[in-house]
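> The following block contains a protein sequence and its predicted model.
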Amino acid sequence: MVLESIPSSALRLSPEITLDGKASRVKLNVGGSKFETTLNTLTRYPGSLLNVMFSGQHEISTDDDGYVFIDRDGTHFRTILNYLRTGFLDWPSSPKATAELKRELLFYKLQCVGHEGSSICEAE
């Protein structure tokens, strides 16, 4: 994750609505996997790492194509992004993938809720 500012490509993002009424779009490069979402989605859960990063209080560096780089494996970020969008988390069937997803949810400081509503993201 890059939070320090690089003057030539620094960008201050804030959760504002654009003039056409659509939420601001954000391009992410998570470990080489590219995603596009809205600022509203990234800031949906107060206290999460993504909320803090994109709250408008930090300068976020972008590459020449406008992507914000997050130095994490992008394998499970699609699932995390869909969780941010819908509030529902689709757990993988593989125990190994489930453990990896739990680690990513902990990294992003997102609550982990199991199928019965119990927290299942305790460190293993």
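Yep, that arrived. Numbering: from 1, shown residues only.
> Give me the most central residue, the chain.
Central residue of the chain (C-alpha atoms, centre = their mean): L50, 4.8 Å from the mean position.
> quick one: that one and T38 touch, right?
No. Counting by C-beta atoms under 8 Å, L50 stays clear of T38, with 11.7 Å between them. Any C-beta I mention is one placed from the backbone N, CA and C, and that applies to glycine too.
> what about the longest helix in the chain?
helix 95-107 (DSSP state H).
> Quick check: which helices or strands does that helix pack against?
helix 77-86 (3 or more C-beta pairs under 8 Å, 6 or more residues apart in numbering; DSSP states H and E).
> Distance from the helix it packs on to the middle of the chain?
Between the centre of helix 77-86 and the centre of its chain there are 8 Å (C-alpha atoms, centre = their mean, to the nearest Å).
> Kindly spell out which helices and strands sit in contact with that helix.
By 3+ C-beta pairs under 8 Å, 6+ apart, helix 77-86 packs against strand 33-38, helix 39-42, helix 95-107.
> Return the most buried member of the ones you listed.
The highest mean neighbour count among the helices and strands packed on helix 77-86, using mean count of other C-beta atoms under 10 Å, belongs to helix 39-42: a mean of 20.
> what's next to the next helix or strand after that one, contact-wise?
Using DSSP states H and E, the helix or strand that directly follows helix 39-42 along the chain is helix 49-53. Here helix 49-53 makes contact (C-beta atoms under 8 Å, 6 or more residues apart in numbering) with 1, 3, 42-45, 58, 60, 68, 84, 107-109.
> Hmm, E36 and F77 touching each other?
No. Here F77 does not reach E36: they are 12.0 Å apart, not a contact under C-beta under 8 Å.
> Generate a ChimeraX selection restricted to the buried entries among the contacts of helix 49-53.
Of these, the buried ones can be selected in ChimeraX as follows, counting by 16 or more other C-beta atoms under 10 Å:
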select :42,43,44,45,60,68,84,108
